[in-house]
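# For reference, the sequence and a predicted model appear below.
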Amino acid sequence: MLAWHFLSEDKRLGYGDGRLVEVGETLECEGELALCDNGMHGSVRLIDALHYASGPIVCRVEIEGDVIEGDDKLCGRRRTVLWMLDATRILHEFACACAEDALALVEQPDERSVEAIEAKRKWLNGEVTDEELASARAASWAASRSASYAVAYSASWAASWAAVRSASRAAAWAARDAALAAARDAARDAAWDAAWDKQNKRLTEMVMAEHEKEGV
């Protein structure tokens, strides 16, 4: 079964396993399979895989062997990486887009939150420093604490967030949090599933475009 899976920057399995993951290599688990406990995991939808991401390395995988399916993830005996790419920049850009979706639902969004997203985009292009981004993030957080439409402002805060020493890992967390906040806001006027599907479509298109561009 085709699925998505994220790895940390070192491309090694987590939870004390430590095996290096390489394209084309099949890794297998031992013992009784159990979702969330033992197995080679993944998600059919990329947005769901992001929810469990340990880092920014996105992998297109095939999962085989006694597959167990849950609501937003699955596991099997074996997992083979078909291709992978470093999605750090994509995730940061995705977080900004999600935050903009959330703020678009606000009639007069707080300028501090708008500026935080702008600062994040400039940071991605090397136009502002880590310190300047942190300042914009702090201002956005202040806006989120005072705004009546707090979830929208929380999305902009999440999008602007990046840890100076682990920015690539922070990308996955920022993207996940911004997408969740934006979907919650959209669900005020539409079904949660529709909002989540929209974010999944956007993220999948961004990843696939980069995959085709790089030919990885």
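Sure thing, it's come through.
# Can you point out the buried residues in stretch 14-32?
Val21, Leu27, Cys29 (16 or more other CB atoms under 10 Å). (Glycine included, C-beta is placed from N, CA and C.)
# pLDDT on it, on average?
The pLDDT scores in stretch 14-32 average 93.
# which residues touch the closest residue to Thr80 other than its chain neighbours?
Spatial nearest neighbour of Thr80, excluding adjacent residues (CB to CB, 6 or more residues apart in numbering): Thr26 at 4.4 Å. By CB atoms under 8 Å, 6 or more residues apart in numbering, Thr26 lies in contact with Arg78, Arg79, Thr80.
# Just give me the neighbour total for Cys36.
10 (other CB atoms under 10 Å).
# per-residue pLDDT, it?
89.
# One more: Ile47?
91.
# Check which element follows the strand or helix carrying it along the chain.
Using DSSP states H and E, Ile47 sits within helix 46-51. Scanning forward in sequence from helix 46-51 by DSSP H and E, the next helix or strand is strand 57-64.
# Run me through the strand neighbours of that following strand, direction for each.
strand 2-7 (antiparallel), strand 78-86 (antiparallel) (DSSP bridges).
# Name the surrounding residues that touch the following helix or strand past it.
Next in sequence after strand 57-64, counting helices and strands by DSSP H and E, comes strand 68-69. Applying CB under 8 Å, 6+ apart, the set of residues contacting strand 68-69 from outside is Leu33, Ala34, Leu35, Gly39, Leu74, Cys75, Gly76.
# how about a cut-off of 6 Å?
Applying CB atoms under 6 Å, 6 or more residues apart in numbering, the external contacts of strand 68-69 come out as Leu33, Leu35, Cys75.
# got the contact list for the residue lying closest to the last one once chain neighbours are set aside?
Spatially, and ignoring its direct neighbours in sequence, Cys75 is nearest to Gly39 (3.0 Å; CB to CB, 6+ apart). By CB under 6 Å, 6+ apart, the residues touching Gly39 are Cys29, Leu33, Cys75.
# what helix or strand is the residue of the chain most remote from its centre on?
Within the chain, the residue lying farthest from the chain centre (CA atoms, centre = their mean) is Gly31, at 29.8 Å. For Gly31, there is no host helix or strand (DSSP H and E).
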